[in-house]
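1. Build me a model from this:
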Amino acid sequence: MRRFALSGFTLLVVLFTIAPLLVLVFSSFDDGKFFRFPPRELSLRWFRAAFASAEYRSSLFNSAVVGLLATIISVTLGTAAALGLQRGALKSRAALEMVLLAPLTLPLVIWAIALLQIYAWLGIGGTLPGLVLAHATFTLPFSVRVMLATLSAIDPGLELAARSLGARPWRAFARITLPLALPGLATSAALSFFISFNDVIVSTFIAGSSWMTFPVRLYSQLRGQGIDPTTLAIGTMVIASILIVVALSELFSRKALRT
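-> Residues are numbered from 1 along each chain as shown. Alright, predicted model coming up:
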């Protein structure tokens, strides 16, 4: 009975958690001009409208470009920082780790205001490099944390054995450590991209009119005109894309671990 009650309670918690997503997905197939649930007449009308909207296509493209570039920067720097913290003989390791993880301790709105002041001084506000740098800054701590956990589970003796057999340091790292760290790299990349893609606060302060991301566009739409069924259709496609990426990442990680 206890096991049955715990299973039922867990199921209720899961359903309560995903209920908003289910409402969004089902409502996106409704043919009505306004948001309503449950749908009364199924249609792909708003999906066609989403593909036909130049504003939403542009904002989705901006979010994808910014997220991809920020992910490359944060994963690269995060992996390098994790290697230094994990294997380097640093006396100030705790202080460096605290600095790298500092963005996690501050509210994003305070971080965005600080970046806005710095960008105004540097003259890069509202530009793609400035937006990518901002996103890489607050996604870097997640990459560092994931890669620290990944590298701590890898035996450094394997790489040392390869070097003792004549392999150069970079070759030993590329052939031994990097393949073992691929699951962590995939997780770090996926996490950084999704965090960057979903950001509203920092992008609202930093992004200009030419690089408005999809969450900012959606937030502006909701404040000005309410819920647009087109946004529901786009949200459904974003959810489907995230599920596909997560499933592929999980399969890739399991295959890498087996290899």
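2. From here on, just use CA atoms for contacts and neighbour counts.
-> Fine.
3. Low-confidence stretches in the protein?
-> The chain contains residues with pLDDT under 70 at 31-32, 34-36, 88-95, 102, 208-209, 224-227, 253, 256-259.
4. could you list every residue that touches the residue positioned nearest the centre of it?
-> For the chain, the residue nearest the mean C-alpha position is residue 194 (2.1 Å; C-alpha atoms, centre = their mean). When contacts are counted by C-alpha atoms under 8 Å, 6 or more residues apart in numbering, residue 194 touches residue 67.
5. Adjust the sequence numbering to begin at 34 for everything that follows.
-> Okay, residue one is now 34; in that scheme the one you just asked about reads as residue 227.
6. I'd like the next helix or strand past the strand or helix carrying it.
-> Residue 227 belongs to helix 215-230 when assigned by DSSP states H and E. Per DSSP H and E, the first helix or strand lying C-terminal to helix 215-230 is helix 234-239.
7. what sits up against that following helix?
-> By C-alpha under 8 Å, 6+ apart, helix 234-239 touches 141-142, 144-146, 148-149, 158-159, 163-164, 167-168, 245-246, 249.
8. The nearest residue to residue 158 once chain neighbours are set aside: neighbouring residues, count only.
-> Distances taken as C-alpha to C-alpha, 6 or more residues apart in numbering put residue 152 closest to residue 158, at 5.0 Å, once the chain neighbours are dropped. By the criterion of other C-alpha atoms under 10 Å, residue 152 has 18 neighbours.
9. Surely residue 152 touches residue 161?
-> No - if you go by C-alpha atoms under 8 Å, residue 152 and residue 161 don't touch, sitting 12.0 Å apart.
10. one step back: from residue 90, how far out is the residue nearest to the centre of the chain?
-> 18 Å (C-alpha to C-alpha, to the nearest Å).
11. and if you look at residue 194?
-> Residue 194 is 51 Å from residue 90, by C-alpha to C-alpha.
12. swap in residue 137?
-> For residue 137 relative to residue 90 (C-alpha to C-alpha), the value is 31 Å.
13. Surely residue 232 touches residue 251?
-> No - using C-alpha under 8 Å as the test, residue 232 is too far from residue 251 to be in contact (11.4 Å).
14. Now do the biggest helix by length in the chain: distance to the chain's middle.
-> What stands out as the longest helix in the chain, according to DSSP state H, is helix 87-120. Relative to the chain's own centre, helix 87-120 is displaced by 8 Å; criterion: C-alpha atoms, centre = their mean, to the nearest Å.
15. Which secondary structure elements does that helix sit against?
-> Here helix 87-120 touches helix 78-85, helix 161-185, helix 215-230, helix 247-258, going by 3 or more C-alpha pairs under 8 Å, 6 or more residues apart in numbering; DSSP states H and E.
16. Kindly format the C-alpha coordinates of the third one as PDB.
-> Pointing back at helix 215-230 there. The C-alpha coordinates for helix 215-230 follow below in PDB (Å, rounded to 0.1, in the frame of the first residue of the first chain):
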ATOM      1  CA  LEU A 215      31.900  13.200 -24.600                       C
ATOM      2  CA  PRO A 216      28.700  12.500 -22.500                       C
ATOM      3  CA  GLY A 217      29.500  15.400 -20.200                       C
ATOM      4  CA  LEU A 218      30.300  17.600 -23.200                       C
ATOM      5  CA  ALA A 219      27.000  16.700 -24.800                       C
ATOM      6  CA  THR A 220      25.100  17.500 -21.600                       C
ATOM      7  CA  SER A 221      27.000  20.700 -21.100                       C
ATOM      8  CA  ALA A 222      26.300  21.800 -24.700                       C
ATOM      9  CA  ALA A 223      22.600  21.000 -24.500                       C
ATOM     10  CA  LEU A 224      22.200  22.700 -21.100                       C
ATOM     11  CA  SER A 225      24.000  25.800 -22.200                       C
ATOM     12  CA  PHE A 226      22.000  26.100 -25.500                       C
ATOM     13  CA  PHE A 227      18.600  25.600 -23.800                       C
ATOM     14  CA  ILE A 228      19.500  28.200 -21.100                       C
ATOM     15  CA  SER A 229      20.600  30.700 -23.700                       C
ATOM     16  CA  PHE A 230      17.600  30.000 -25.900                       C
END
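17. That concludes my questions; thank you for your assistance.
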